[in-house]
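Enquirer: I need the structure of the sequence given here:
(chains A and B)
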Amino acid sequence: DSGVTQTPKHLITATGQRVTLRCSPRSGDLSVYWYQQSLDQGLQFLIQYYNGEERAKGNILERFSAQQFPDLHSELNLSSLELGDSALYFCASSAIGAGGLNEKLFFGSGTQLSVL
Amino acid sequence: GNSVTQMEGPVTLSEEAFLTINCTYTATGYPSLFWYVQYPGEGLQLLLKATKADDKGSNKGFEATYRKETTSFHLEKGSVQVSDSAVYFCALSDGYGQNFVFGPGTRLSVLP
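Expert: Numbers count the residues shown, from 1 in each chain, chains lettered A, B, ... in the order given. Predicted coordinates:
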């Protein structure tokens, strides 16, 4: 158990709809990362938050948005869903090493999104 | 920008065979290097890491050495088991949390 909790585990919805994926990081971790994993694109970095603020942005579509709340949990919002958005969405949190550097990521078990 | 290249597989081996999964990287500065493993139906978990040149990361019989001169971090195991069947991801981090970059993953299947 990584200590990172993602809900729901599975989500089935229709094109054009909007969904929200939730992530609770490990206790004490301030950074949250979102990744999309699909068969043809591999593991794609979407966005990172650190202590409530956006820290880095990757290949995140404009239809997607995220936020990190004061209690450090994060939500990824996906809107105007398309068939191609079907994928496994992972959340990860990072541990800060003694030198203040992020040493490694702890991943949740993911949310499998199916857009029909 | 930073990038990671690894052999995509799939790799199929018999139990007790020797495993090598190649990984090379492009990065500025001095990144940390990682191997993550994803077992079926699960999220990624850290397998091993190395934070500076010539460091060797090791765990569960797997090893990888940070080679700055060849910008490589190849994963090796002397004798694989069926339970090692998984997808293996090479990754790097600039160490400041700005960017973890993952390779495309290599699927390993070990047959009894």
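
Enquirer: hey, which helix or strand in chain A has the poorest pLDDT?
Expert: strand A:102-107 (a mean of 79; mean pLDDT, DSSP states H and E).

Enquirer: After that one, which helix or strand is next?
Expert: Downstream of strand A:102-107, the first helix or strand assigned by DSSP states H and E is strand A:111-115.

Enquirer: and that next one, average pLDDT?
Expert: Here strand A:111-115 scores 97 as its mean pLDDT.

Enquirer: Tell me which residues touch residue B:41, please.
Expert: When contacts are counted by CB atoms under 8 Å, 6 or more residues apart in numbering or on different chains, residue B:41 touches residue A:109. To be clear about C-beta, it is placed using only N, CA and C from the backbone, and glycine gets the same treatment.

Enquirer: Checking my notes, it in a helix, right?
Expert: No: judged by DSSP: H, G, I helix; E, B strand; the rest coil, residue B:41 forms no part of a helix; its state is coil.

Enquirer: wouldn't residue B:42 be in contact with residue A:109 here?
Expert: Yes: counting by CB atoms under 8 Å, residue B:42 touches residue A:109, with 5.9 Å between them.

Enquirer: Neighbour count: these two, which is higher?
Expert: Comparing residue B:42 with residue A:109 by neighbour count (other CB atoms under 10 Å in any protein chain shown), the higher total belongs to residue A:109, at 18 against 14.

Enquirer: burial count for the nearest residue to the more buried one once chain neighbours are set aside?
Expert: Nearest residue to residue A:109 in three dimensions, chain neighbours excluded: residue B:43, at 4.7 Å (CB to CB, 6 or more residues apart in numbering or on different chains). As a burial measure, residue B:43 scores 22 neighbours (other CB under 10 Å).

Enquirer: and the gap between the most centrally placed residue in chain A and residue A:91?
Expert: Centroid-nearest residue in chain A: residue A:34, 2.8 Å away (criterion: CA atoms, centre = their mean). As judged by CB to CB, to the nearest Å, residue A:34 and residue A:91 stand 6 Å apart.
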